[in-house]
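Asks: Sharing a sequence plus its predicted fold:
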Amino acid sequence: MATDTSHREADRVAALHRLGVLDTPPEDRFDRVVRLARQLFGVSTAIVSLVDRDVVVHKAMAGFDEPRVAREDSFCGTTVLADRMMVVPDAARDERFRDKPFVVGDGGLRFYAGQPLVAPGGYRVGTLCIADQQPRDFDADSAALLRDLAAWVEKELVIDSELERAAQVQAGLLPRSAPHVPGYEVAGACLPSRAVGGDFYDWTATDGGLVLSLVDVMGKGAGAGIMAASIRAVLRGSAHGTDVAQSLLYAGAILHSDLSGAGVFATAFHAALDAATGDLRYADAGHGLTVVVRADGTDERLEATGLPLGVLDEEAREERTVRLGPGDLLVTFSDGVLDLLDGTLAGVRPLVEAVRGAGTADDAVEAVLRLAARVAERPDDITVVAVRRAG
């Protein structure tokens, strides 16, 4: 039996902690596995265990009620030392376990079978195990079934790890700071409804002002996040610069087959600000969720100028211009904000009222985020960008 060296054990424990599941609440996706295992094998106990340095944490358990046990008292603490399933037909006759607290005495465990759970990097971080008070044999078909169930648990653990990393990468793609545009304030925020979302915003200072974008990919999760990153890269790499209509046309041409092939589309607001005049030239691909709140109290919504990206491979994109005067505020947002209200365009009105009177672009963004704070669970990603011209 191959055993870990001390440095390998340290790496194994580090791999477990990177998964980020040790101290999280119970989750039904793991509970389902142990319930199913208990029923399939006809045993009294089934557990998803995570083996830390000195303790074993029971992430899910059926027929057992101790969330943590000392590693030295646990079967699973021994199982992770091997690269194969450990089967103990009768623990009372096994010198490794016969004196363990869960074995001695009436009602103690006799049978145990545990399959190591392997995390990225090949580290054995826990087990899916079953146990019973009666000794029993464990045939090859039963062992294969337990391995299949353990593979299910491994996928769930890896999904969490990969999504966390993807969320870190996606957050790193968002602007780290607002650009310096004399006479203007710029602010933005993005709140994915899951670890990874399909919204993004971006901005780049130019010699004469600013280019900004807000894109909302239909859907949520990793797939939408990949498409969002692709659109961002194409818009950023477009040689058309402040020619926002041509930039959107270029992005649509490059990504049309990818978007349509995946059965998704993306709405986009892409604009270039001339800081000297206040003129903001924009192209809107099916978005239509941008408002200008004027210093005099009036407001207007900027409607879409074309279809979303991925619907048709369009031959042209229309560009329009709106002027921001002193004290005017422009706010563009994703449709997840509307879902916080009534889910329709009627929700634009309460949003306008929420940002009206905002003294800064940051205040306007915070006003929108306060709407999000009112709900316990966000049904969609929420993204907002605000640009305010000094009064």
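Replies: Great, that's in hand. Numbers count the residues shown, from 1 in each chain.

Asks: Residue 100 falls within a helix, correct?
Replies: No: counting by DSSP: H, G, I helix; E, B strand; the rest coil, residue 100 is not found in a helix; it is coil.

Asks: how many neighbours does it have?
Replies: The local packing of residue 100 (other CB atoms under 10 Å) involves 17 other residues. For every residue, glycine as well, the C-beta is placed using N, CA and C.

Asks: Can you name the residues that contact it?
Replies: 73-75, 91 (CB atoms under 8 Å, 6 or more residues apart in numbering).

Asks: give me that answer again for 6 Å
Replies: residue 73 (CB atoms under 6 Å, 6 or more residues apart in numbering).

Asks: Show me what stretch 295-302 is in contact with.
Replies: In contact with stretch 295-302 (CB under 6 Å, 6+ apart) are residues 290-293, 327-328, 348, 352.

Asks: how does it look with 10 Å?
Replies: For stretch 295-302, the external contacting residues (CB atoms under 10 Å, 6 or more residues apart in numbering) are 269, 271, 280, 282, 284, 287-294, 320, 322, 324-332, 345, 348-349, 352-353, 355-357, 388-389, 391.

Asks: ok, of these, which come out buried?
Replies: 269, 271, 280, 282, 284, 287-293, 322, 324, 328-332, 348, 352, 355, 388-389 (16 or more other CB atoms under 10 Å).

Asks: low pLDDT regions in the stretch 51-200 of the chain?
Replies: 159-173, 193-198 (pLDDT under 70).

Asks: which residue ranges form the strands in it?
Replies: Using DSSP state E, counting those that start in this stretch, the strands found in the stretch 51-200 of the chain span residues 55-62, 68-70, 86-88, 111-119, 123-132, 184-191, 199-206.

Asks: Now stretch 128-146: buried residues?
Replies: Buried, per 16+ other CB under 10 Å, within stretch 128-146: 128-132, 136, 138, 142, 146.

Asks: what's the answer for stretch 253-270, then?
Replies: Those would be 254-256, 259, 262, 264-270, for stretch 253-270 by 16+ other CB under 10 Å.

Asks: Using TSV, lay out these together with secondary structure.
Replies: TSV is the format used below for those (three-state DSSP):
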residue	secondary structure
254	helix
255	helix
256	helix
259	helix
262	helix
264	coil
265	coil
266	strand
267	strand
268	strand
269	strand
270	strand
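
Asks: Sort out which one of these lies nearest residue 180 for me.
Replies: residue 270 (20.8 Å; CB to CB).

Asks: hmm, back to that, would you turn the buried residues of stretch 128-146 into CSV with distance to residue 59?
Replies: Shown next, in CSV, are the buried residues of stretch 128-146 (distance: CB to CB, whole Å):
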residue, distance to residue 59
128, 10
129, 12
130, 15
131, 16
132, 20
136, 25
138, 23
142, 22
146, 17
